[in-house]
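Q: The following block contains a protein sequence and its predicted model.
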Amino acid sequence: MADLVLGNVEKVLSDFRNALADPVISALVIIFISSILVIGLYVINAKSSKKHGVLILGLCDSGKTLLFSLLTLKRSVVTHTSVRENKAKYTIKNGKKLEVAEIVDLPGHERIRGKYIKKYEDNARCIIFMVDSATFPRQIRDVAEFTYDILTSKTLMNSKPALIICCNKQDLPTAKSCSVIRSQLEKEIEAMRSTRAAALKGTDEAQAASHVDVGKKGKPFEFCHVGSNVEFMECDLKKKNIASVESIMSWIEDVFL
């Protein structure tokens, strides 16, 4: 029996060697093996390049660092204007599934925020953009410009990170609702589209190439026209509103899982 099996194996190997002698079959074998290798490398690269960053953005005093501490330390801390990033690992569990994200709280000052966004934008899986709902009427231009910069960043929009705009400080009597903030932001960004497009024409090609058009051509800007998923949420973190924090945590989990 062993001799019979050995004989069959030797015959198969002999037939295979003879087949490889045919240039057409040999070429097909090479193409097949190459395809398998390419697919394998693609899968490996896709897994290794999976983004894990949760970026917390917004103007100064919008509640970024407070949210960061509530998510990562599970408690509130005394905050002050940040001059550099805060970052920490964040474990996301859902049954047997487990992922480790990196939450990064970036400075909100316009003079320094750009360099930190560039530092972390390549790894952005999602963005939490904090808005001070109470001071929004006075800061609408600044909030709209910051939002516009995010939406027109070629690096960010190519990876299409999920974006949630958290309208914070809803406990204050002067706070605007998220529907009002959304509507006014859309109008302000629409006004910026033409002025920013004209300004880019006078810049160098490298700077112009780093931006993408926002919204649909010929139509007033709406957040539903943005390629990435954009949501709005009302919250009041200063009062340690557990429901607000849990809603943001749930949103992050949905993005990752």
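A: Received the coordinates, thanks. Predicted model only: the values in this text are computed from it and were never measured.
Q: Point to the helix or strand of this structure where mean pLDDT is at its lowest.
A: helix 23-48 (a mean of 48; mean pLDDT, DSSP states H and E).
Q: just checking, next helix/strand downstream of that helix?
A: Proceeding N to C from helix 23-48, the next assigned helix or strand is strand 53-58, under DSSP states H and E.
Q: I'd like to know which elements that next one is packed against.
A: helix 64-72, strand 97-105, helix 113-120, strand 124-132, helix 136-151 (3 or more C-beta pairs under 8 Å, 6 or more residues apart in numbering; DSSP states H and E). In this view, the C-beta of every residue, glycine as well, is placed from N, C-alpha and C.
Q: How far off centre is the fourth one?
A: For strand 124-132, the distance between its averaged C-alpha position and the chain's averaged C-alpha position is 9 Å (C-alpha atoms, centre = their mean, to the nearest Å).
Q: quick one: buried residues of it?
A: For strand 124-132, the neighbour count (16 or more other C-beta atoms under 10 Å) marks 124-132 as buried.
Q: any idea of the mean pLDDT in that strand?
A: For strand 124-132, mean pLDDT is 97.
Q: Name the strands paired with it and say parallel or antiparallel.
A: strand 53-58 (parallel), strand 162-168 (parallel) (DSSP bridges).
Q: now the shortest one, how far from the centre of its chain.
A: So the one you mean is strand 53-58. The answer for strand 53-58 is 9 Å, by C-alpha atoms, centre = their mean.
Q: What of the longest one?
A: Centroid displacement of strand 162-168 relative to its chain, using C-alpha atoms, centre = their mean, is 12 Å.
Q: And the average pLDDT for that strand is what?
A: 97.
Q: Using PDB, write out every CA atom in the helix or strand following it.
A: Scanning forward in sequence from strand 162-168 by DSSP H and E, the next helix or strand is helix 178-200. Extracted as PDB, the C-alpha positions of helix 178-200 are listed here (Å, rounded to 0.1, in the frame of the first residue of the first chain):
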ATOM      1  CA  CYS A 178     -28.300  72.100  18.100                       C
ATOM      2  CA  SER A 179     -30.900  72.600  15.300                       C
ATOM      3  CA  VAL A 180     -30.300  76.400  15.400                       C
ATOM      4  CA  ILE A 181     -26.500  75.900  15.500                       C
ATOM      5  CA  ARG A 182     -26.700  73.500  12.600                       C
ATOM      6  CA  SER A 183     -28.800  75.900  10.500                       C
ATOM      7  CA  GLN A 184     -26.600  78.900  11.200                       C
ATOM      8  CA  LEU A 185     -23.400  77.000  10.600                       C
ATOM      9  CA  GLU A 186     -24.700  75.800   7.200                       C
ATOM     10  CA  LYS A 187     -25.500  79.500   6.200                       C
ATOM     11  CA  GLU A 188     -22.100  80.700   7.400                       C
ATOM     12  CA  ILE A 189     -20.200  77.900   5.700                       C
ATOM     13  CA  GLU A 190     -22.100  78.500   2.500                       C
ATOM     14  CA  ALA A 191     -21.000  82.200   2.600                       C
ATOM     15  CA  MET A 192     -17.400  81.000   3.000                       C
ATOM     16  CA  ARG A 193     -17.400  78.700   0.000                       C
ATOM     17  CA  SER A 194     -17.100  81.400  -2.600                       C
ATOM     18  CA  THR A 195     -14.700  83.700  -0.600                       C
ATOM     19  CA  ARG A 196     -12.400  80.800   0.300                       C
ATOM     20  CA  ALA A 197     -12.400  79.400  -3.200                       C
ATOM     21  CA  ALA A 198     -11.400  82.800  -4.500                       C
ATOM     22  CA  ALA A 199      -8.700  83.200  -1.900                       C
ATOM     23  CA  LEU A 200      -7.200  79.800  -2.800                       C
END
